[in-house]
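Asks: build me a structure from this.
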Amino acid sequence: MQRHWLVITTIYFILACSTNLRAQEPSERAGQADFPGNFRAISYNVQFLPAIARHTNKRSLPIYRAKQIAEKMTAFDIIGLNETFDDEPRKIIHDHLKKKWGKDCSIIYGPDPRDGRFNGGLSLISRFPFVKTNSVIYKNFSSPLKYGVQADGFAAKGVLYARVILSEKNFGEKKPLDIFVTHFEARDGSLRRKQFDELASFISKQISVDVDFILLGDLNTRGNAKYRVALHSTYNQLFGVLTKAIPEHRLVDTWPTLHPDQDGGTKYQTKATGGPRIDYIIIGQAKKLDDQLEVDKVQVNPYLDKKVDALSDHSAVEATLKWK
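Replies: This is a model prediction of the structure:
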């Protein structure tokens, strides 16, 4: 009996430690207290277009998808969602996490334009308490006059920000961490580059020189291997703008840090290549700190589903983060 139990335990340990770059399910756990010293973050464009445009979602059954996504999000500590425009699916996700996490659940969403446009479609959710929050709406966006119904100008795309305090119980001390979630312009590349400047300016005004940060979101900027080495690529323009605006932080793009020879595509869920890599988890390491945040694991998860093929038209980026 003891030998049988030892075999089962050994197999479980091997499976738990193995690397699966396109895993179908995140590992379930009771909470961050089970993993002292690290936490899990996810960046996921869930494509819940406003109710008036539900029929244009590439994945059908928004209520079903929202319920499935809500349950899968419970495995994470920090969640950055794009395209939670539709009130009903967004409420399903938020309410489920509030019920699961109770008083430990902190949520902001938007930005709210208050001018008749749709909200920014962003949701920032955390197990850790928010001590301050902010947001900004991008001033540069594609015009409906030029791009019709597909224009980004119908929504108030921008940035959500929150500073959280990671618990003393799990990290040895109360550690502050800044979190940003954004979604860049999809139609007009010249306007997207202007948004780079807007994001960099906003981040520089929120952060502190002694606090690390993470940036989550659909950046609509290709970060496949060939773009990372192309000197004048939009990818390198983005990192150049951010580096110039926040020189006291070192930027770490989590995917190529651990998988430098793999594209990590997030646009296609049923193709082996995954297509363009446009969804990110980026770390900003405060240079003056000795215990800087770093990536321990990162994977792309397409969240395939028998009923709707995949839960979104984007794959999620999932990372386990820790301090050195």
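
Asks: any buried residues in stretch 182-192, and which?
Replies: Neighbour-count burial for stretch 182-192 flags 182, 183, 184, 185, 186, 187, 188, 191, 192 (criterion: 16 or more other Cβ atoms under 10 Å). For the C-beta atoms, the positions are set from N, CA and C on the backbone; glycine is no exception.

Asks: what sits closest to the fourth one if chain neighbours are left out?
Replies: When you say that, I think you mean residue 185. For residue 185, ignoring the flanking residues on the chain, the nearest one in space by Cβ to Cβ, 6 or more residues apart in numbering is residue 192 at 4.1 Å.

Asks: show me where this protein has helices.
Replies: Residue ranges of the helices in the chain, as given by DSSP state H, are 2-17, 62-73, 87-101, 144-147, 168-171, 189-206, 225-229, 234-245, 254-258.

Asks: include distance to residue 266 and mean pLDDT when you put these into JSON lines, please.
Replies: Output for the helices of the chain, formatted as JSON lines (distance: least, Cβ to Cβ, whole Å; pLDDT from 0 to 100):
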{"stretch": "helix 2-17", "distance to residue 266": "25", "mean pLDDT": "36"}
{"stretch": "helix 62-73", "distance to residue 266": "15", "mean pLDDT": "98"}
{"stretch": "helix 87-101", "distance to residue 266": "19", "mean pLDDT": "97"}
{"stretch": "helix 144-147", "distance to residue 266": "23", "mean pLDDT": "88"}
{"stretch": "helix 168-171", "distance to residue 266": "29", "mean pLDDT": "78"}
{"stretch": "helix 189-206", "distance to residue 266": "17", "mean pLDDT": "97"}
{"stretch": "helix 225-229", "distance to residue 266": "14", "mean pLDDT": "93"}
{"stretch": "helix 234-245", "distance to residue 266": "14", "mean pLDDT": "98"}
{"stretch": "helix 254-258", "distance to residue 266": "9", "mean pLDDT": "97"}
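
Asks: out of those helices, nearest to residue 136?
Replies: Checking the helices of the chain against residue 136 by Cβ to Cβ gives helix 189-206 as the closest, at 4.9 Å.

Asks: name the helices or strands packed onto that closest one?
Replies: Other elements packing on helix 189-206 under the criterion 3 or more Cβ pairs under 8 Å, 6 or more residues apart in numbering; DSSP states H and E are strand 130-137, strand 158-166, strand 175-183, helix 234-245.

Asks: list the contacts for the residue nearest the centre of the chain?
Replies: Closest to where the C-alpha atoms of the chain average out (Cα atoms, centre = their mean) is residue 43, at 1.8 Å. Counting by Cβ atoms under 8 Å, 6 or more residues apart in numbering, residue 43 makes contact with 80, 82, 181, 216, 217, 218, 279, 280, 281, 316, 317.

Asks: direction included, what does the longest strand seen in the chain pair up with?
Replies: Looking across the chain with DSSP state E, the single longest strand is strand 38-48. Take DSSP bridges as the rule and strand 38-48 pairs in its sheet with strand 78-84 (parallel), strand 316-323 (antiparallel).

Asks: pick the most buried one from the ones you listed.
Replies: strand 78-84 (a mean of 28; mean count of other Cβ atoms under 10 Å).

Asks: could the strands paired with strand 38-48 be laid out in TSV, adding mean pLDDT?
Replies: Converted to TSV, these look like this (pLDDT from 0 to 100):
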stretch	mean pLDDT
strand 78-84	98
strand 316-323	96
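
Asks: do you know which of those lies nearest residue 118?
Replies: Per Cβ to Cβ, nearest to residue 118 of the strands paired with strand 38-48: strand 78-84, 10.3 Å.

Asks: hey, C-alpha coordinates of that closest one in PDB?
Replies: Backbone C-alpha positions of strand 78-84 (Å, rounded to 0.1, in the frame of the first residue of the first chain) are rendered in PDB as follows:
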ATOM      1  CA  ILE A  78      -3.900  39.300 -10.600                       C
ATOM      2  CA  ILE A  79      -6.200  39.400 -13.600                       C
ATOM      3  CA  GLY A  80      -6.100  41.800 -16.500                       C
ATOM      4  CA  LEU A  81      -9.000  41.400 -19.000                       C
ATOM      5  CA  ASN A  82      -9.600  43.200 -22.300                       C
ATOM      6  CA  GLU A  83     -12.900  43.600 -24.100                       C
ATOM      7  CA  THR A  84     -15.300  43.200 -21.100                       C
END
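
Asks: now do it: distance to the chain's middle.
Replies: Strand 78-84 has its C-alpha centroid displaced from the chain centroid by 6 Å (Cα atoms, centre = their mean, to the nearest Å).

Asks: next, the buried residues of stretch 219-235.
Replies: Using 16+ other Cβ under 10 Å as the test for burial, stretch 219-235 gives 219, 220, 221, 222, 223, 224, 227, 228, 233, 234, 235.
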